[in-house]
Each structure stands twice: as structure tokens, then as C-alpha cells.
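*Asks:* pasted the sequence and its predicted model underneath.
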Amino acid sequence: MPVPPSFRPAPDARAAAVLILFGEGPDGPDVLLTERAATLNKHAGQPAFPGGRIDPEDDGPVAAALREAWEEAGVEPSGVDVLCTLPELYLSRSLHRVTPVAGWWREPSQIAPGHPGEVATVARVPIDELVDPANRLTVRHPSGMKLGPAFRVGGMLVWGFTAGLLGEVLAAGGWERPWDADHVEDLPQEVLDLASRG
């Protein structure tokens, strides 16, 4: 997967990892998403892949992604087959270099928010919903600046880094269907208010 120049990591960025976890759910193939608690200071209320910083005791990004998925959503690491790691991506807003880890949920476990102060929702979102053109849009800031692709699925507006990465992965997997990138909507005020925290 090519990395655009703006996403190439800075050397002093903090290392982090996320788990892109695919599985076979009740409604067909799906992917696991969380929604951050609205009370957080950073990324409040934002849908995301399970993940976080790589701790010193983690054995690299794969271990960190699996640990975070267990802590945030109750995903048993032993039930996940790691498929690959994707190139590091730089998040300039939070000064992190993020390694996406792709996995297959061979033996799904019961999921639930692991810590209510950090995670509000955990959801298995069907791929069919994600690639439905009716659920895709481009979001913009009220200033008029386009912020990139987004998905409206499972009662969530998925945007920002997570939506961009999800779009790339769906395209790479051959799942993407043509959608109207010119369907542009402003980010809702409540989303802007939460995002303004950091």
C-alpha cells in the first residue's frame, strides 16, 4: 500500500499500532470498530480501530495491537490470526506513527467496551454496509476544507484517519464499490466540538 508523503512518519513520532480485525459475522464478513468515549481529552467520541501506543513491554506493533484489542474490546488474542502489518502512517495531529496490523478473527470472542472511561461502543460492522455507496460520503470542515472520506454505519460517522485507512484497505481487498465522492457534508457540530479537544 503506497504511503502519501503527508503520512510518512516523522522520526521523532511516538510508536503506536491498530488492529484491523476482519471476521465472519452473523451478517457476513465484517470488521471490528470501537467508538471512543466522549469524555476523553484526545479523539473523544471518534470511531476507531482498537489500538494505542506501543508500550516498552510489548514485543512490537503486533503485540501492542492485540493487547489493545483485548483491553478495549475483549478480543482474545489467541483467536486472531495475524495476516500482515501495513506500512507505518503518520498522524501529525497526535504526533504518532501508527502501524496497522491486519488480522482474521478465527475464533471470535464476546466483545464489549473494556473500559467505559475510554471506549463507549464496540461493533462488528459488516463489509456490505461499509461498501454500500449510500453509506459513503466526503466530510468537510465548516470553513470549506474537505477532510476526506467518511462512512455512516452502525449509528456511527466514521471519518478522519480511521475512514481513510478503512477506504484504502477496502479498495486493496477488492471490496470497494463506486461511490459519489462529490457527496459532501459538513461535520456535525457535536463531532467538531469533540474533535476540538485534541
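*Replies:* Arrived safely.

*Asks:* surely Gly117 touches Ala37?
*Replies:* Yes - counting by CB atoms under 8 Å, Gly117 touches Ala37, with 5.9 Å between them. Placement of C-beta: from N, CA and C, glycine included.

*Asks:* and those two? Which one has more around it.
*Replies:* Ala37 (17 against 9; other CB atoms under 10 Å).

*Asks:* hmm, the more buried one is touching Glu118, no?
*Replies:* Yes - here Ala37 reaches Glu118: they are 5.6 Å apart, a contact under CB under 8 Å.

*Asks:* give the residue spans of this structure that score low on pLDDT.
*Replies:* Within the chain, the ranges that satisfy pLDDT under 70 run 2-7, 9, 38-45, 193-198.

*Asks:* could you redo the last one with a cut-off of 80?
*Replies:* For the chain, the stretches flagged by pLDDT under 80 are 1-12, 37-45, 91-94, 115-117, 189-198.

*Asks:* what's the end-to-end length of stretch 104-115?
*Replies:* 24 Å (CA to CA, to the nearest Å).

*Asks:* most remote residue from the middle of the protein, which is it?
*Replies:* Relative to the centre of the chain, the most outlying C-alpha is that of Ser143, 24.9 Å out, by CA atoms, centre = their mean.
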